[in-house]
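Asker: Let's see this in three dimensions:
(chains A and B)
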Amino acid sequence: MKHVSPNEVAGDTRARGPTRRALAKQQTRAKVLAAARRLFSEHGYEGATIRDIASAAGMSTGAVFANFSDKSDLFRDIMISDTVALVAQMREAVAHAKGVEEALLKIFTTGYAYYKSQLPLARAGFTAGWAPQEGEMLRKLAPLRLIQDLILEELNAGVDRGELSPESGLKLRAEMLHDAYLANYPQAIFEGWSLEALQARARDQIGILLAGARRG
Amino acid sequence: MAAGGLRQTQKAATRGRVVEAARDLFVTLGYEGATIRQIAHAAGVSVGSVFTCFASKGEILSEVMQDRLEALYAELNRLAPHLRGSTADRLRSMFAIHFAFETAHVRLFLAHIAASYDWTLTARARPFGQNAHFRGLVEACLAKGVEAGDVAPEADLASIVELLVATYAWTYRLAAWENADSQTMTEAMDRQIGLIASGFAPR
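Answerer: Numbers count the residues shown, from 1 in each chain, chains lettered A, B, ... in the order given. Next comes the predicted model:
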């Protein structure tokens, strides 16, 4: 008994086993998510099936279902992690903004730049968002409200700095700005608008939506 | 020539039958629920004939919506010159007519919006958001406001039109996400128009 494999030590097995299993599970999830992201981008939300995703990830559909309850669960996971990453970038961008108008413009353009390289995924997001069942689940997700929350934060900061007048309509203004932000995606997706063109459109929209709230 | 003409006539007839059948099935089964096979069956034509007229279900949907809109625009064209009140109120009336018109088939309208993100749509399809006629009516309403003095002369009318159209479309999120009826959406749009109008009012 000179050599004892770690696996033969009961205490060790208990300490390492679950970690290894958790790690393997994490890797499986990551593999499925990467395959799903690619297929959603190539075939849209409706076009990508769990079977295709499993085969692209090199595993059985059973293995996929062990990690995700269904296709919309997979899609939600991608949307959430993307939105969280995007909002972090947006926050970084607004940190140096001079004034509320510039801050909002940076929020918009950071989003367009983020999705510029993965427009098919953005398109799949809109399709799923407007679909009767998938949409209902997607829109209930708190992380997907982060962008609108950030817009409202910036409006409030504008009020604090005295750029905007304090008013009850700020929340509605934030909602409308968020809608305007989303409404420009079809131009990017289908008409190939450049970031500059999107920025010009966004500047107009922000200008109109802030005009009524400006001080003086 | 005569044979070609006959073929064209037959094709137009098939097209009409398909659109009519699709309109009914989209309403009863939903856009996602209705299959091309069912539409063909209800229209009394083969699946193949459907595809000689339309490239996809999305294209049929855009035709169905286009057909319906003709009735709406006939009404709007008639009413628009007679609308009274401030520019904001005239805009509110125009959008209220839209919401009332779509109220019976909000699900279908949502499918129409969802389908506008479908990249398999061909150039012949006319997805939601491409309606130049509607934009023209809104812009005329704003131009009248410039004359009447409640829209700033330096206001960028084209941008305001785009913003109003985008706002209108996204107001349907209330139907999609909260099951809102047309009354609720109209009220939301009224507030949103008020907010936009406060921005284009002369200083």
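Asker: Can you tell me the closest non-neighbouring residue to the residue positioned nearest the centre of chain A?
Answerer: Nearest to the geometric centre of chain A sits A:Thr83, at 2.2 Å (Cα atoms, centre = their mean). The shortest distance from A:Thr83 to any non-neighbouring residue, by Cβ to Cβ, 6 or more residues apart in numbering or on different chains, is to A:Pro143 (5.2 Å). No exception for glycine: its C-beta is placed from N, CA and C like everyone else's.
Asker: what about the one you found, how many residues close to it?
Answerer: As a burial measure, A:Pro143 scores 14 neighbours (other Cβ atoms under 10 Å in any protein chain shown).
Asker: circling back to that earlier point, now the residue nearest to the centre of chain A: which helix or strand?
Answerer: Using DSSP states H and E, A:Thr83 sits within helix A:71-94.
Asker: same question for that helix, mean pLDDT?
Answerer: Averaged across helix A:71-94, the pLDDT comes to 93.
Asker: Tell me if whichever helix or strand comes after that helix is near chain B.
Answerer: Next in sequence after helix A:71-94, counting helices and strands by DSSP H and E, comes helix A:100-116. No: using Cβ under 8 Å from any Cβ of the partner chain, helix A:100-116 stays clear of chain B, with a minimum separation of 12.6 Å.
Asker: Pull the distance from helix A:100-116 to the chain's centre.
Answerer: Remark: helix A:100-116 is offset 14 Å from the chain centroid, using Cα atoms, centre = their mean, to the nearest Å.
Asker: With stretch A:79-95 instead?
Answerer: How far stretch A:79-95 lies from its chain's middle: 8 Å, per Cα atoms, centre = their mean.
Asker: Next, the buried residues of that stretch.
Answerer: By neighbour count on 16 or more other Cβ atoms under 10 Å in any protein chain shown, the buried set for stretch A:79-95 is A:Met79, A:Ile80, A:Asp82, A:Thr83, A:Leu86, A:Val87, A:Met90, A:Ala93, A:Val94.
Asker: returning to what we had before: outside of the helix holding A:Thr83, which residues touch it?
Answerer: Defining contact as Cβ atoms under 8 Å, 6 or more residues apart in numbering or on different chains, one finds that helix A:71-94 is touched by A:32-33, A:36-37, A:40, A:45, A:48-50, A:53, A:64, A:68, A:103, A:106-107, A:109-111, A:114, A:121, A:124-125, A:128, A:133-134, A:137-138, A:141, A:143-144, A:146-147, A:150, A:154.
Asker: List the contacts of the residue nearest to A:Thr83.
Answerer: Contacts of A:Pro143 by Cβ under 8 Å, 6+ apart are A:Ile80, A:Thr83, A:Val84.
Asker: what do you get for A:Val32?
Answerer: Counting by Cβ under 8 Å, 6+ apart, A:Val32 has contacts A:Ile53, A:Ala54, A:Ala57, A:Met59, A:Ala63, A:Val64, A:Asn67, A:Phe68, A:Leu74.
Asker: Mind checking which of the contacts of helix A:71-94 are buried?
Answerer: Among the contacts of helix A:71-94, those classed as buried by 16+ other Cβ under 10 Å are A:32-33, A:36-37, A:40, A:45, A:48, A:50, A:53, A:64, A:68, A:103, A:106-107, A:109-111, A:114, A:121, A:124-125, A:128, A:134, A:137-138, A:144, A:146-147, A:150, A:154.
Asker: one step back: any idea which of the contacts of A:Val32 is closest to B:Ala158?
Answerer: Proximity of these to B:Ala158, judged by Cβ to Cβ, is greatest for A:Leu74, which lies at 40.8 Å.
Asker: What distance do you get for that closest one to B:Glu147?
Answerer: Plainly put, A:Leu74 is 55 Å away from B:Glu147 if you go by Cβ to Cβ, to the nearest Å.
Asker: again, but for A:Asp179
Answerer: Remark: distance between A:Asp179 and B:Glu147 (Cβ to Cβ) = 29 Å.
Asker: Tell me which of these two has more neighbours.
Answerer: A:Asp179 (21 against 9).
Asker: I'm done for today, thanks for sticking with me.
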